[in-house]
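Asks: just coords:
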Ligand SMILES: [Zn+2]
Ligand SMILES: [Zn+2]
């Protein structure tokens, strides 16, 4: 099989991943072996590539939005068959016994493992997944369209839940990349009024096309006080801008695995029981619920496909902000 392997983090511009030929994988007793048909490119992959997110192990094959077909089934697995379509997302495993797992918050499990960070991921022609963590993909989506839903979509959905936004509420989205593009479609489905702040003129136009009520820059304040806001931009000053736009009792959900410093801000921005919460990973329930909603809306994904061998180029274009929608790697284009 072939895999894009990261041996040492470096700037995307230096093309740090190498396409290597390695022995075919074998599934463990509780695992599935998938042939990879599509793997979405996530900003987290870029942060891992460039070392902003510290590697858990090296070398590593990144990629955690995988859609593939089951090629082999581990001896102890009952409910999957060869040929089934399966998805692999960021959460690669959790212990199932700790207090977080028992409360349904497996995203907080101290022993959680992550695809493309702890386990080799889907920038490859094959991947293994613990069968309990493999996901069924609704028929409404083809492989390319489904891939970006598995992380960007699911974490956007979790961010909506963490933000506490209710149907019909006033929601701010700060930053408008692949994840926000999917979150706005859920929010509009819930009849929320959506206010979008982003630096990019092109992203503002896209937000308006997807039903945003108002668009502006990070330095502009939405015309109404918001019930909730989600920040997608990996910049601490955007978090303060979002806090500034909140109504009393509102919540800012920070959708970022890595963030630079949050600048000092006056306490009055947090006063009146405003909350600031991070969004950490996703649970299987988040992904399943989101896929169901995505099929019902139905959510449209804008995808730019790259051959696996051009994975470095896809990440360079993501770093340059030159991807419309989501980049997806495919075995052959
Ligand atoms: Zn991701
Ligand atoms: Zn656990």
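Replies: It's in. For clarity, every value in this text was computed on a predicted model and none was experimentally measured. Residues are numbered from 1 along each chain as shown. Ligands and ions are numbered 1, 2, ... in the order given.

Asks: going forward, measure contacts between C-alpha atoms and count neighbours the same way
Replies: Will do.

Asks: show me where the protein has helices.
Replies: 43-50, 99-102, 143-146, 152-163, 178-189, 201-209, 236-244, 284-296, 311-319 (DSSP state H).

Asks: tabulate those (CSV), appending mean neighbour count.
Replies: Formatted as CSV, the helices of the chain follow (neighbours: other C-alpha atoms under 10 Å):
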stretch, mean neighbour count
helix 43-50, 21
helix 99-102, 15
helix 143-146, 23
helix 152-163, 25
helix 178-189, 24
helix 201-209, 16
helix 236-244, 22
helix 284-296, 18
helix 311-319, 20
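
Asks: nearest to ligand 2, out of those?
Replies: Closest approach to ligand 2 among the helices of the chain (C-alpha to the ion): helix 99-102, 4.3 Å.

Asks: now the closest one, how far from the chain's geometric center?
Replies: Relative to the centre of its chain, helix 99-102 is centred 23 Å away, using C-alpha atoms, centre = their mean, to the nearest Å.

Asks: tell me if that helix is near ligand 2.
Replies: Yes - shown here: helix 99-102 in contact with ligand 2 (C-alpha under 5 Å from the ion) through residue 101.

Asks: now the residue sitting furthest away from the middle of the chain: how far from ligand 2?
Replies: Taking C-alpha atoms, centre = their mean as the measure, the residue most remote from the mean C-alpha position of the chain is residue 268, 31.9 Å away. Separation of residue 268 from ligand 2 (C-alpha to the ion, to the nearest Å) stands at 37 Å.

Asks: contacting residues around the residue of the stretch 1-150 of the chain found nearest ligand 1?
Replies: Of the stretch 1-150 of the chain, the residue with the smallest distance to ligand 1, taken as C-alpha to the ion, is residue 42 at 4.6 Å. Applying C-alpha atoms under 8 Å, 6 or more residues apart in numbering to residue 42 gives the contacts 63, 64, 65, 151, 152, 327.

Asks: got a winner among these for most neighbours?
Replies: Within the contacts of residue 42, most neighbours by other C-alpha atoms under 10 Å means residue 64, with 31 neighbours.

Asks: so that residue touches residue 119, yeah?
Replies: No - the criterion here is C-alpha atoms under 8 Å, and residue 64 misses it with residue 119 at 9.7 Å.

Asks: report the closest residue of the stretch 151-300 of the chain relative to ligand 2.
Replies: Taking C-alpha to the ion, the stretch 151-300 of the chain has residue 283 as its residue nearest ligand 2, at 11.4 Å.

Asks: quick one: that residue and residue 101 touch, right?
Replies: No - between residue 283 and residue 101 there is no contact under C-alpha under 8 Å: 9.6 Å.

Asks: overlap of the contact sets of those two?
Replies: With C-alpha under 8 Å, 6+ apart, residue 283 and residue 101 have common neighbours residue 107.

Asks: before we move on, back to that, what's the closest non-adjacent residue to the residue of the stretch 151-300 of the chain closest to ligand 2?
Replies: Distances taken as C-alpha to C-alpha, 6 or more residues apart in numbering place residue 107 nearest to residue 283, at 5.2 Å, with adjacent residues excluded.

Asks: check contacts around that neighbour.
Replies: 91, 94, 100, 101, 280, 281, 282, 283.

Asks: filter those residues down to just the ones in strands.
Replies: Assigned to strands by DSSP state E, the following of the contacts of residue 107 qualify: residue 91.

Asks: from the contacts of residue 107, list the buried ones, please.
Replies: Neighbour-count burial within those applies to 91, 94, 100, 101, 281, 282, 283; the criterion is 16 or more other C-alpha atoms under 10 Å.

Asks: follow-up on the earlier one: adding mean pLDDT and distance to residue 331, write the helices of the chain out as a markdown table.
Replies: Shown next, in a markdown table, are the helices of the chain (pLDDT from 0 to 100; distance: least, C-alpha to C-alpha, whole Å):
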| stretch | mean pLDDT | distance to residue 331 |
| --- | --- | --- |
| helix 43-50 | 95 | 18 |
| helix 99-102 | 98 | 35 |
| helix 143-146 | 95 | 11 |
| helix 152-163 | 96 | 21 |
| helix 178-189 | 94 | 21 |
| helix 201-209 | 95 | 29 |
| helix 236-244 | 96 | 37 |
| helix 284-296 | 96 | 23 |
| helix 311-319 | 96 | 11 |
